[in-house]
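Colleague: only geometry, no sequence info:
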């Protein structure tokens, strides 16, 4: 037997805006410096990834990505300083929540 958990954040209206999928997308954007490449590696469409980021930014009220225009240079996208900080904070939250939930589970 094992404990499975799903952690995510919802806005005031109950709409999910941050979970493991968005976290993975942000991590891949950071790694590849591109929303398109990050979404491709994860196997999700660019439009879906764009909607995920737009939803996150709308819910938080702050920019997560510093977008560069496409074209010949295809500069891509990088995380804003807030975006970097947000990833670290969410990763810590997720790890601590899972550790906290594991303690009572060990009694089974």
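Modeller: Yep, it's here. Everything quoted here is computed from the prediction, not taken from an experiment.
Colleague: Please count neighbours and contacts with C-alpha atoms only from this point.
Modeller: Fine.
Colleague: what about the spatially closest residue to residue 76 that is not a sequence neighbour, distance to residue 21?
Modeller: Closest residue to residue 76 apart from its sequence neighbours, by C-alpha to C-alpha, 6 or more residues apart in numbering: residue 34 at 4.5 Å. According to C-alpha to C-alpha, to the nearest Å, residue 34 stands 16 Å off from residue 21.
Colleague: phi, psi of the residue nearest to residue 76?
Modeller: phi -160, psi 130 (degrees, to the nearest 10).
Colleague: Touching, it and residue 78? I think so.
Modeller: Yes. Under the criterion of C-alpha atoms under 8 Å, residue 34 makes contact with residue 78 at 6.9 Å.
Colleague: Residue 85: neighbouring residues, count only.
Modeller: In terms of burial, residue 85 registers 12 neighbours under the definition other C-alpha atoms under 10 Å.
Colleague: Which element, helix or strand, includes it?
Modeller: For residue 85, the element it lies in under DSSP states H and E is helix 81-105.
Colleague: just checking, what packs against that helix?
Modeller: Contact partners of helix 81-105 among helices and strands, from 3 or more C-alpha pairs under 8 Å, 6 or more residues apart in numbering; DSSP states H and E: helix 20-32.
Colleague: so the helix or strand following the helix it packs on versus helix 20-32, what angle?
Modeller: Tracing the chain C-terminally past helix 20-32 and defining elements by DSSP H and E, one meets helix 35-42 next. Counting by axes from the mean of the first three to the mean of the last three C-alpha atoms, to 10 degrees, helix 35-42 points 120 degrees away from the direction of helix 20-32.
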